[in-house]
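Chemist: I would like to see how this sequence folds:
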Amino acid sequence: MPEKRQAIARAASTVFGREGYTRASVDAIAAEAGVSKRTIYNHFGDKEKLFLSVALETAGELTEVIAALADRHLHKIVDLEADLTAFALDRARAVLTAGDHSALGRTIRAEAGNIPPEVLGAWLDAGPLASQRDLAAHFGRLADQGLLHVEDATLAATQFTLLTFSGAADASFFGAIPLPDADLEAGVTAGIRAFLRLYG
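Modeler: Presented below is the predicted three-dimensional model:
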């Protein structure tokens, strides 16, 4: 039943985010979902497949949110610095307040050595790398319009993220600790100005 599968996925996201990949047990997930262990195995096979399913689903949802923000702010530029700043702020707020996704992302980063490499690779491709590819496409288009001077759009997207998001992610431990909005705005503003010195 789709409803039962969704209940298991929600419970798994909560338990994996709270306890981590290694410590989380199928028993705990079953209890959280209000189902039997056998029901989980029938729907997902095993713990690794369940984790992969949940990781890909949450990564895909957040990727769609970020893509919509990029399209809203970067599709038609009115003021380059203001539009880049608005996108960077909205993206950071979306990621750092993403609830279960943020918790699951923290689990993946903390336990990368314990998570099967194919699971890590699939999560990266569906989440962070997908968002970077989308941002690179926007930067390539802005370069074609003469708004940015970009030779390598992928590199520009990576540097944009480093300058406007990574500091806030580190300071808040990817959303585990609230970051004052004034601090986020100051960091993003400085990052955008540095980015435009490189590519403006």
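Chemist: ok now stretch 65-73, how far from the chain's centre?
Modeler: Offset of stretch 65-73 from its chain centre (Cα atoms, centre = their mean, to the nearest Å): 13 Å.
Chemist: quick thing: my sequence starts at 6, can you match it?
Modeler: Sure, I'll start counting at 6 from here, so that last one is stretch 70-78.
Chemist: buried residues in it?
Modeler: 70-72, 74-75, 78 (16 or more other Cβ atoms under 10 Å). C-betas here are computed from N, CA, C, even on glycine.
Chemist: okay, those residues in CSV with pLDDT, secondary structure and distance to residue 61 next?
Modeler: Shown next, in CSV, are the buried residues of stretch 70-78 (pLDDT from 0 to 100; DSSP: H, G, I helix; E, B strand; the rest coil; distance: Cβ to Cβ, whole Å):
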residue, pLDDT, secondary structure, distance to residue 61
70, 97, helix, 15
71, 97, helix, 16
72, 98, helix, 16
74, 98, helix, 21
75, 98, helix, 21
78, 98, helix, 26
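Chemist: Just give me the closest of those residues to residue 108.
Modeler: residue 70 (16.3 Å; Cβ to Cβ).
Chemist: That closest one reaches residue 99, doesn't it?
Modeler: Yes: counting by Cβ atoms under 8 Å, residue 99 is a contact partner of residue 70 at 5.3 Å.
Chemist: Check which element follows the helix or strand of the chain with the lowest mean pLDDT along the chain.
Modeler: When the helices and strands of the chain are compared on mean pLDDT, DSSP states H and E, helix 105-115 comes out lowest with a mean of 88. Note on helix 105-115: by DSSP states H and E, the next helix or strand toward the C-terminus is helix 122-131.
Chemist: Any chance you could list what contacts that next one?
Modeler: Under the criterion Cβ atoms under 8 Å, 6 or more residues apart in numbering, residues 53, 56-57, 60-61, 64-65, 68, 113, 117 lie in contact with helix 122-131.
Chemist: And the buried ones among the residues you listed, selectable in PyMOL?
Modeler: Typed into PyMOL, the next command selects the buried ones out of those (criterion: 16+ other Cβ under 10 Å):
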select buried, resi 56+57+60+61+64+68+113
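Chemist: Would you point out the most distant pair within the contacts of helix 122-131?
Modeler: Largest pairwise distance in the contacts of helix 122-131, by Cβ to Cβ, is 21.9 Å, between 53 and 68.
Chemist: Dump stretch 51-70 to PDB, restricted to CA.
Modeler: Written as PDB, here are the backbone C-alpha positions of stretch 51-70 (Å, rounded to 0.1, in the frame of the first residue of the first chain):
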ATOM      1  CA  ASP A  51      16.900  -4.400   3.600                       C
ATOM      2  CA  LYS A  52      18.300  -1.500   5.600                       C
ATOM      3  CA  GLU A  53      20.700  -0.400   2.900                       C
ATOM      4  CA  LYS A  54      18.000  -0.200   0.200                       C
ATOM      5  CA  LEU A  55      15.700   1.600   2.700                       C
ATOM      6  CA  PHE A  56      18.400   4.200   3.400                       C
ATOM      7  CA  LEU A  57      19.100   4.600  -0.300                       C
ATOM      8  CA  SER A  58      15.400   5.100  -1.100                       C
ATOM      9  CA  VAL A  59      14.900   7.700   1.700                       C
ATOM     10  CA  ALA A  60      18.200   9.500   0.800                       C
ATOM     11  CA  LEU A  61      17.300   9.800  -2.800                       C
ATOM     12  CA  GLU A  62      13.700  10.900  -2.100                       C
ATOM     13  CA  THR A  63      14.800  13.700   0.300                       C
ATOM     14  CA  ALA A  64      17.700  14.700  -2.000                       C
ATOM     15  CA  GLY A  65      15.300  14.900  -5.000                       C
ATOM     16  CA  GLU A  66      12.800  17.000  -3.100                       C
ATOM     17  CA  LEU A  67      15.300  19.600  -2.000                       C
ATOM     18  CA  THR A  68      16.900  19.700  -5.400                       C
ATOM     19  CA  GLU A  69      13.500  20.600  -6.900                       C
ATOM     20  CA  VAL A  70      13.100  23.400  -4.300                       C
END
